[in-house]
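A.B. asks: have a look at this prediction, sequence included:
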Amino acid sequence: MTEDSYFRHKLLDVAQMPQPPLHAALMYRAVVIPQVPGEGFVVQTGTQREAESVCDILARFQLFMLEEKVMPDYSNAVFVEKWNWDDKEWEDVED
């Protein structure tokens, strides 16, 4: 698997989110919804740790933009999900 296919990202409407991973090895995903309700920015990863790192980076970037007055204060969401092969849906990963 190439590096660019490993860290593919895609904007998804929240209503479309229950779709399987792009690849069987991409079982986790970082989801950032910059303005709730709204579309989510999704990055699929191979491990929970990678997804948590992506969430941390994107959350810090959003905080930076808020502090520098690049964007106004919105209600946003940042979370990690794992694909459940039995139920064929994404489920939240508990902290």
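C.D. replies: Okay, I see it.
A.B. asks: where is the longest helix in the protein?
C.D. replies: Scanning the chain for the helix with the most residues, using DSSP state H, yields helix 48-67.
A.B. asks: right, and the helix or strand after that one?
C.D. replies: Past helix 48-67, further along toward the C-terminus, the next helix or strand under DSSP states H and E is strand 77-84.
A.B. asks: list the contacts of that next one.
C.D. replies: 20-21, 27-33, 36, 40, 48, 51-52, 55, 58-59, 62, 89-93 (C-beta atoms under 8 Å, 6 or more residues apart in numbering). From N, CA and C alone the C-beta is placed, and that goes for glycine too.
A.B. asks: in that strand, what's buried?
C.D. replies: Along strand 77-84, the positions that meet the burial threshold by neighbour count (16 or more other C-beta atoms under 10 Å) are 78-81, 83.
A.B. asks: from Ala59, how far off is the residue nearest to Met71 when sequence neighbours are not counted?
C.D. replies: In space, and not counting its chain neighbours, Met71 is closest to Met65: 4.7 Å by C-beta to C-beta, 6 or more residues apart in numbering. In this view, Met65 and Ala59 are 11 Å apart by C-beta to C-beta, to the nearest Å.
A.B. asks: can you spell out which helices and strands pack onto the one helix or strand Val43 maps to?
C.D. replies: Element membership of Val43 [criterion: DSSP H and E] is strand 40-45. Identification of packing neighbours for strand 40-45 by 3 or more C-beta pairs under 8 Å, 6 or more residues apart in numbering; DSSP states H and E yields strand 9-12, strand 28-33, helix 48-67.
A.B. asks: of all those, which lies closest to Tyr74?
C.D. replies: When these are ranked by proximity to Tyr74, the top entry is helix 48-67, at 8.6 Å, counting by C-beta to C-beta.
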